Each structure stands twice: as structure tokens, then as C-alpha cells.
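Student: the sequence and its predicted three-dimensional model are supplied below.
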Amino acid sequence: MTRLFGTDGIRGIANEELTPELAFKIGRATSQVLRNKEKQKVLIGRDTRASSSMLEAAMAAGLCSSGVDVVCAGTITTPGVAYLVRNMGFDGGVVISASHNPAKYNGIKIFGPDGFKIPDEAEDRIESLVLQEQDRLPRPSAEGVGAIEHERELVDEYVSFLIGSAGTALRGLKIVLDCANGAASHIAPRVFRRLGAEVLAMNTEPDGLNINKGCGSTQMEPICSMVRQQGADLGLAFDGDGDRVLGVSEKGEIVDGDQILAICAMDMIDKGELPEKTVVGTVMSNLGLDIALRRVGGRVIRTRVGDRNVLEEMRRRELVLGGEQSGHIIFLSRSTTGDGILTGLLLSAICKYTGRPLSDLASVMEKLPQVLVNVRCAKSVELSRCPATTRAIADAEAALGTRGRVLVRPSGTEPLIRIMVEGEDEALVKRLAIHIKEVVEQELG
């Protein structure tokens, strides 16, 4: 792994790229970056992958060897860890998860005592400490060595927070939950049932290998079918670590992150709760979101892809709502990170107290045709050095004019080039996307 941190922490194939030896070193380095007092206590949570307990143990050992006490919360969502760190007095938090990736991958996300992911400078510091030739970090002995505690009941604090955030009971709603055999499996059904919803839970039996496998927010066909078959009011599909969610209307149609943003923004505007009537999205956010908000005097501010970029812009501008098409939705007045369960609760609550079906709520935004394709590539690709690809992009932009967009970028989490083409003419959009894909494949070999 040439560069440890990507757009969302450290990620790689477990036990090949992300090894326990590396996790141990990361734990030791993290102790120095988080250090803000003599004796620290750090919370670790993990998802349901077979490798997660191995990496949890290695990370905990690294922290303890540097004198840090560790509390292991067991299986819990990423936003669950962020909430507990901020509200239970921890000096930092670690999540062992590769989010939406297949089971062979794993990752490490690090949170500061404020519940926010650590900034770039802190990541750079950890990386430099991990990669140094000789480990010169402190190694206390006797009473100086950190201890490990297991407190599985901490999840109850997070559950209570979620229930209190809904704002209304959900009695009368029939909701399908696809928990992706991930960290939300033992949390989301419990929360929605406590609020009175009739819950049909899918993919809640993780075996270490089935996380995100043909289910969850990356494979929506099963939940769409279930919603239709069961006559449910809506469906909610989470990813492996529970920090994002996609919706399904009562018609079995996908309601993506842009539409969820539009629905929540309109609701907050009606209540006078959306500062400057402004939402933070990314360069991938559909133009339909801009059009919908402009109708009510609002606007979308765009950042680079990645929920951390969205969050940074929200904090800089003191805004409270932002997110990504993929379903990372951030309610900054409630949470320090995207929270799929929280978002699903608030979306369900809007359906409940407005009495409107989700399909009707989603119609506030008309999505422009948008085609997304991927090209496998080496991990480090500089598109600026690809003249044929550059020409193909320029030609596509000229063909679309002012009512369309082209975005070609390397993925921050996988060895892929991601191609997005958007415009009013669906046939043209598809044709241009395929052409750019072919050019990229030819140029990259």
C-alpha cells in the first residue's frame, strides 16, 4: 500500500494489503496523534466481516502498547462509534470496516474526540509514523500499558439516541429494511420496531462473508422486489457499516441520495430549519437537485466526491444538510457523520406526518438521465497524462452543451476510473459514456 489513507480512511484486502501487522503499527501511531492527556481511552467498533475481529485485536494491541486504554464496543455502525466517542467522553474512536466493499476487503476509520473523522494533517502524521524505518514511539511497561475492556452494551446508548431523533412514532408504516448482513443488522430493526413500525427485515444474519453480498445499498433489486411483494410503505437499504442508506418507494422504485436530500431539504425549508436554503452535494449530484431547490429559492454547493469533503464544506459554511447520491446524508445538527439509520428514520417520519407516499415526496425532484460506468485500472492513474481520454471528454462536453456534464475521475476507494455523463437526452448520454469508456480502456491498456 503506497498511500495508506484514501477518501474514507485506510482500505485494502484484509491480511494481504491491510494486515494485522500494519493495523498494530497504525494503532501505535494513532495513539500519538490523538494524544491530548496523560491517559487516554479509545473506542473501537467493527462491522461483521470475518477479518474485522482480527484487525480489531491488532489495532487494540497497538494502542495498548503505547499506553492507551481501549474499549471494544463489538459490532456497531460507523456513526454509532462517532456518536459514542463524542457523547461518552472518549479520546478517539476507530471503526474496522470497508463499508460497501466485498467481504475480502477491510478498512480503518479514525475519529477524534469531537466525533469527526480526523483531518488530513492527522492522517499524514499517522502515515509518516507508520512508514518510518524504525519505531521510536513510547513503549511503557507495568502500569503504563493500556488495558482492553469489552462493553457491548454501549450500543444501547446509540439506540436511545436514534429513537429520540425520530421526532414521531412510526405506527402504521410497513417498512422493509435491508441490513446488508452488516453492522446495522442488530440495530436498525430494533430501532424501527421500538418506534412502532411493522418491520420486515432482510439480510440480518451475517456469517463473516456475506456482508454486502447481493444485498444492501449496492444491490437494490431484492429489496425493491420485497417492497412490491409485501405491499410495504417504503424500504430502506443500508451498506455494510451503516453510514449510508438508499430508499425504495411503495412502488418498488429506488429513491437515491439526491432525492433523499431534496425531500429532507424541502421539509427543513418548510420548517425554517435550513440555513440559506442551501444543501451541500458533490460533483456527482444530479442536476435535478439543483433545479428542484432553485424552484424554492434554494441552491446546491458542490464539492469533490467523498462525504468528508461534503462535511468540511458544511462546517466551513455553517450549513446543516449535505450528502451524496450514494446515500451518505449528513444532518450536522444531529450527527458528525453520515448515518443511514438516522436518515432512514427522518425520511420515514416525513412520510408519516405528511401522510404522503414516498413516491410522491420523491417527485419533487426530476432526475436528469445520468450514466455511470467504471473501468478497472492500476491504483495510480493520472488522467491529465491521457491525451485521448482528455479529447474524448472535451468532445462529449461540447456535444452536451450547457445542459449536461461529464465527470471522469479515479475512485478513492477502489482501483477504478469512474465515468459519469449527464444530460437531457438519454440516448446521447449513454452513447457518450460508452465512447469515453472505450477510449479509457484503450489508452490504459
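Tutor: Happy to help now that I have it.
Student: now do the helix or strand where T30 lies: distance to the chain's middle.
Tutor: Using DSSP states H and E, the element containing T30 is helix 20-34. Centre-to-centre, helix 20-34 and its host chain are 23 Å apart (Cα atoms, centre = their mean, to the nearest Å).
Student: return the set of buried residues in it.
Tutor: Of all the residues in helix 20-34, those buried under the rule 16 or more other Cβ atoms under 10 Å are 20, 22-31, 33-34. To be clear about C-beta, it is placed using only N, CA and C from the backbone, and glycine gets the same treatment.
Student: got the angle between whichever helix or strand comes after that helix and helix 20-34?
Tutor: For helix 20-34, the following helix or strand on the C-terminal side (DSSP H and E) is strand 41-46. Interaxial angle, strand 41-46 versus helix 20-34 (axes from the mean of the first three to the mean of the last three Cα atoms, to 10 degrees): 140 degrees.
Student: can you name every helix or strand that the helix or strand following strand 41-46 contacts?
Tutor: Moving toward the C-terminus from strand 41-46, the next helix or strand (DSSP H and E) is helix 52-65. Judged by 3 or more Cβ pairs under 8 Å, 6 or more residues apart in numbering; DSSP states H and E, helix 52-65 is in contact with helix 20-34, strand 41-46, strand 69-75, strand 92-96, strand 105-111.
Student: same thing but 6 Å
Tutor: Using 3 or more Cβ pairs under 6 Å, 6 or more residues apart in numbering; DSSP states H and E as the contact test, the elements touching helix 52-65 are helix 20-34, strand 41-46, strand 69-75, strand 92-96.
Student: all strands for the stretch 251-400 of the chain, in order.
Tutor: Secondary structure of the stretch 251-400 of the chain (DSSP state E, counting those that start in this stretch): strands located at 254-255, 278-282, 299-303, 321-323, 329-331, 370-376.
Student: and the third one, which strands flank it?
Tutor: Strand 299-303 has the following sheet partners, assigned by DSSP bridges: strand 278-282 (parallel).
Student: just the endpoints, please. Distance across stretch 225-240?
Tutor: Stretch 225-240 has its terminal residues 20 Å apart, counting by Cα to Cα, to the nearest Å.
Student: dump the helices and strands packed on helix 52-65 to TSV, plus distance to E441.
Tutor: Below are these laid out as TSV (distance: least, Cβ to Cβ, whole Å):
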stretch	distance to E441
helix 20-34	32
strand 41-46	37
strand 69-75	40
strand 92-96	35
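Student: closest one to A232 among those?
Tutor: Of all the helices and strands packed on helix 52-65, it is strand 69-75 that lies closest to A232, at 26.1 Å by Cβ to Cβ.
Student: same for that closest one, what does it pack against?
Tutor: Judged by 3+ Cβ pairs under 6 Å, 6+ apart, strand 69-75 is in contact with strand 41-46, helix 52-65, strand 148-150.
Student: just want the angle from the one helix or strand I126 maps to to helix 20-34.
Tutor: Secondary structure assignment for I126, by DSSP H and E: helix 120-131. Put simply, helix 120-131 runs at 130 degrees to helix 20-34, going by the same axes, to 10 degrees.
Student: for T278, which residues make a bridge with it?
Tutor: Counting by DSSP bridges, T278 forms beta bridges with R299.
Student: residues touching N181, list them.
Tutor: Contacts for N181 were tallied using Cβ atoms under 6 Å, 6 or more residues apart in numbering; they are 203, 206, 210-211.
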